[in-house]
Structures are given as structure tokens and as C-alpha cells.
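K.L.:
Compute the structure for the input listed below.
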Amino acid sequence: MPDLSDDGHCFVCGPKNPIGLKLDFIFDGTTLKTRFVPRKEHQGYTDIVHGGIIAALLDEVMVKLAIERGMPAVTARMDIRLKHALPVGEEVTVEAEITGEAKKLIEAYARAVAADGKVIADARGKLVRVKSEIRQRRNNE
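P.N.:
Okay, the predicted model is just below:
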């Protein structure tokens with residue numbers, strides 16, 4: 001198993017990643033949420049956010065939720081449905097919930113919702129629990 005420590009350079013949430021999104025998450029005990037305002041550098045087609053950025057957001061919120069709930073995990077499978085284009089500059093809220101748990105497998109659901117309530121994309125994920133804890137590195141970088 002690879003080292004799953006966190007050195008602060010995660011593309012989505014890492015505060016030390018100079019090109020990362022640096023998102024903060026709110027955990028309410030059941031669900032996890034974050035907000036994101038995409039910039040021009042996140043586009044695919046002109047002024048439309050790249051689907052890969054949206055996929056990364058959905059993946060991140062599901063895995064971080066499992067970690068927050070004390071179930072360190074990695075994504076084994078993710079099925080995404082991109083429903084509407086997300087314009088550059090439009091805020092989106094990304095949230096996840098756990099929909100099922102077994103000994104080794106966690107099922108989760110995530111969605112990205114525009115300010116007007118329109119679901120931009122959603123995903124169902126199957127996460128595999130990891131035996132070792134995901135730990136924060138103490139670097140002086």
C-alpha cells in the first residue's frame with residue numbers, strides 16, 4: 001500500500017499546492033460540503049469548466065467525508081453524470097453523503113449544485129477502506 005500521508009499538496013484541498021484549488025470543507029457530522037468558484041484556468045471549452053475539474057471535486061468530497069467519519073478510504077470506482085455546463089466564475093457547492101457501509105467497502109453520493117439550485121453533476125462512488133490511518137505530515141516546508 002502506498003504512503004497515504006498528507007503533505008499539504010493535494011490538488012483540491014492542499015494549502016501548500018501553488019496551483020491547487022485550496023478548498024476548505026465543512027463537516028456537519030453527516031455530510032461534507034465545500035464551495036468553489038472556477039476561474040478561467042479551469043475551463044475546457046471557452047468559459048465552461050472542464051469536466052475533469054468537476055470530477056476531481058466530486059471524488060475529493062466523497063473521500064474526505066469518509067476520512068472525517070473515521071473511515072480512511074480511497075476511491076475504487078466512481079460513476080459521474082455531468083448534467084449541465086458550469087460557467088467559469090459561477091459558484092458551485094459540492095457535497096457528499098455516505099449511502100452504505102460494509103466491512104471493506106463504503107458507498108457514497110456527491111453532487112455539485114449551482115447557486116440557482118441546478119445540479120451540475122453528481123456521482124456515486126465505491127470507496128475501499130484502508131488499514132493504515134491517513135496521517136498529516138509535519139513538514140517545515
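
K.L.:
what residue lies at the spatial centre of the protein?
P.N.:
Nearest to the geometric centre of the chain sits E60, at 2.0 Å (C-alpha atoms, centre = their mean).

K.L.:
tell me what the host helix or strand of that residue is packed against?
P.N.:
For E60, the enclosing helix or strand under DSSP states H and E is helix 51-68. Judged by 3 or more C-beta pairs under 8 Å, 6 or more residues apart in numbering; DSSP states H and E, the packing partners of helix 51-68 are strand 32-36, strand 73-82, strand 92-101, strand 105-114, strand 119-129. The way it works is simple: take the backbone N, C-alpha and C, and place the C-beta from them, glycine included.

K.L.:
For these, give me TSV that also has mean neighbour count and distance to K16.
P.N.:
Shown next, in TSV, are the helices and strands packed on helix 51-68 (neighbours: other C-beta atoms under 10 Å; distance: least, C-beta to C-beta, whole Å):
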stretch	mean neighbour count	distance to K16
strand 32-36	19	18
strand 73-82	15	21
strand 92-101	18	21
strand 105-114	20	25
strand 119-129	19	25
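
K.L.:
is it possible to export those strands to CSV including mean pLDDT and distance to H9?
P.N.:
What follows is the helices and strands packed on helix 51-68, written out as CSV (pLDDT from 0 to 100; distance: least, C-beta to C-beta, whole Å):
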stretch, mean pLDDT, distance to H9
strand 32-36, 98, 18
strand 73-82, 97, 17
strand 92-101, 98, 20
strand 105-114, 98, 22
strand 119-129, 97, 21
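
K.L.:
With distance to I48 as extra columns, can I get the ones you listed in a markdown table?
P.N.:
As requested, the helices and strands packed on helix 51-68 are exported to a markdown table (distance: least, C-beta to C-beta, whole Å):
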| stretch | distance to I48 |
| --- | --- |
| strand 32-36 | 15 |
| strand 73-82 | 11 |
| strand 92-101 | 13 |
| strand 105-114 | 13 |
| strand 119-129 | 11 |
